[in-house]
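A.B. asks: How does the following fold in three dimensions:
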Amino acid sequence: MAKQKADFTKSASLGISSVNLPPLAIGTWRLGHSHETEKEAIRLAIDKGINFIDTAEIYHTEKLVGEAIKGHDNVFVATKVSPANFHHDDVLKACDRSLANLGVKAIDLYQLHWPNNRVPIRETMLAMEDLVDKGKVKHIGVSNFSIEELQEAQEAMRLQSIVSNQIEMSVLVRDAENGMLEYCKENNILVLAYSPFSEGLLFKKYPKTLKLLEGIGKRYNKTAAQVALNWLLMHDNVIPIVQMGRKEHVLENLGALDFKLNEDDMTLIGSNPEKRRSNEQRWGWLTKNTSFWASLMGRSYGKKDR
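C.D. replies: You can find the predicted model right below:
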């Protein structure tokens, strides 16, 4: 089969800003165990044009990111503040820690990691705006927010706009198709799709879906992972965040950029009956009403940023 020519040289704009981002973002969740290998992989991705990297204070990979991007001037850096730090002054202190860890003067995209219903959203969003006013943050984003939560967060701000919502999305996790993709596009909110391989479960727990992707991949001379990424890339206003902790992962991920799935294959994947609910759907009732999960996850990655 002849591949459709791809033009993923740039992706959607970041909200209403003039910032154009690469088609993929470097994910850093679960990194931090093989520093030199991971830093080399991140630098390779940047050298190949993937100059958008995402981390979070909970991941404890901000220092790793700071070391990896040192000497690279044109890197778009995104990080996230833990919901355990959503009170006004705690947001400001968390940002200062992230700036120090990352070794940057300003964070390009500062995101709320999850909603925290125990803290008034207005208090948190005004703190985020204060950071923009101080020049410490350039753009404000959120993560794992529902449409209603997006609306409430935006209404709580005075001047700034929410430019992105980072949500779980993959060939298996399709919650975003129930209005979120349309809402974000209509309101100039970029969708950042994390866990494009469903935390690796795609390759371990869903043999029917894997077989489907492998079959499609043979027609394009591509791997199942590359097909899964390309399916996301074919969605307007969506940038996948994919882990790139090893050089071979970087090269495989880049292989998703030089072809386009045809309409029939998009339909075939879209009609795949195997699905799983997102973490937000399964655990949002707990994570959005307590900060316990944040401290628990922090302990699982160690007490200090590595």
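
A.B. asks: Which residue ranges of this protein form strands?
C.D. replies: 25-27, 52-54, 76-81, 107-112, 137-143, 162-168, 190-194, 238-243 (DSSP state E).

A.B. asks: number of nearby residues for residue 167?
C.D. replies: For residue 167, the neighbour count with other C-beta atoms under 10 Å is 25. From N, CA and C alone the C-beta is placed, and that goes for glycine too.

A.B. asks: ok, it to residue 186 distance?
C.D. replies: Using C-beta to C-beta, to the nearest Å, residue 167 is found at 16 Å from residue 186.

A.B. asks: Quick one: the strands of the chain as CSV, columns for distance to residue 129 and mean pLDDT too.
C.D. replies: Compiled in CSV, those are given as follows (distance: least, C-beta to C-beta, whole Å; pLDDT from 0 to 100):
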stretch, distance to residue 129, mean pLDDT
strand 25-27, 24, 97
strand 52-54, 21, 98
strand 76-81, 14, 97
strand 107-112, 11, 98
strand 137-143, 7, 97
strand 162-168, 11, 97
strand 190-194, 19, 97
strand 238-243, 24, 96
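
A.B. asks: closest to residue 274 out of the ones you listed?
C.D. replies: With C-beta to C-beta as the measure, strand 162-168 is the member of the strands of the chain nearest residue 274 (15.7 Å).

A.B. asks: Pairing partners for that closest one, with directions?
C.D. replies: Sheet pairing for strand 162-168, assigned by DSSP bridges, gives strand 137-143 (parallel), strand 190-194 (parallel).

A.B. asks: quick one, which of those strands is nearest to residue 49?
C.D. replies: Across the strands paired with strand 162-168, closest to residue 49 is strand 190-194 (C-beta to C-beta), at 17.7 Å.

A.B. asks: contacts for the closest one?
C.D. replies: 12-15, 21, 25, 27, 29, 54, 78, 141, 143, 163-170, 176, 180-181, 184, 232, 235, 237-241 (C-beta atoms under 8 Å, 6 or more residues apart in numbering).

A.B. asks: Of those residues, keep whichever come out buried.
C.D. replies: In the contacts of strand 190-194, burial by neighbour count holds for 12, 14-15, 21, 25, 27, 29, 54, 78, 141, 143, 163-170, 176, 180-181, 184, 232, 235, 237-241, counting by 16 or more other C-beta atoms under 10 Å.

A.B. asks: And residue 234, how far from residue 185?
C.D. replies: Taken as C-beta to C-beta, the span from residue 234 to residue 185 is 14 Å.

A.B. asks: surely residue 52 meets residue 244?
C.D. replies: No: at 11.0 Å, residue 52 and residue 244 do not qualify as touching, with contact defined as C-beta atoms under 8 Å.

A.B. asks: So for stretch 182-194, what gets flagged as buried?
C.D. replies: Of all the residues in stretch 182-194, those buried under the rule 16+ other C-beta under 10 Å are 183-185, 187-194.

A.B. asks: just curious, which of those residues is nearest to residue 104?
C.D. replies: Nearest to residue 104 among those is residue 192, at 19.0 Å by C-beta to C-beta.

A.B. asks: By mean pLDDT, flag the weakest helix or strand of this structure.
C.D. replies: Of all helical and strand segments in the chain, the minimum by mean pLDDT, DSSP states H and E falls on helix 292-300, at a mean of 56.
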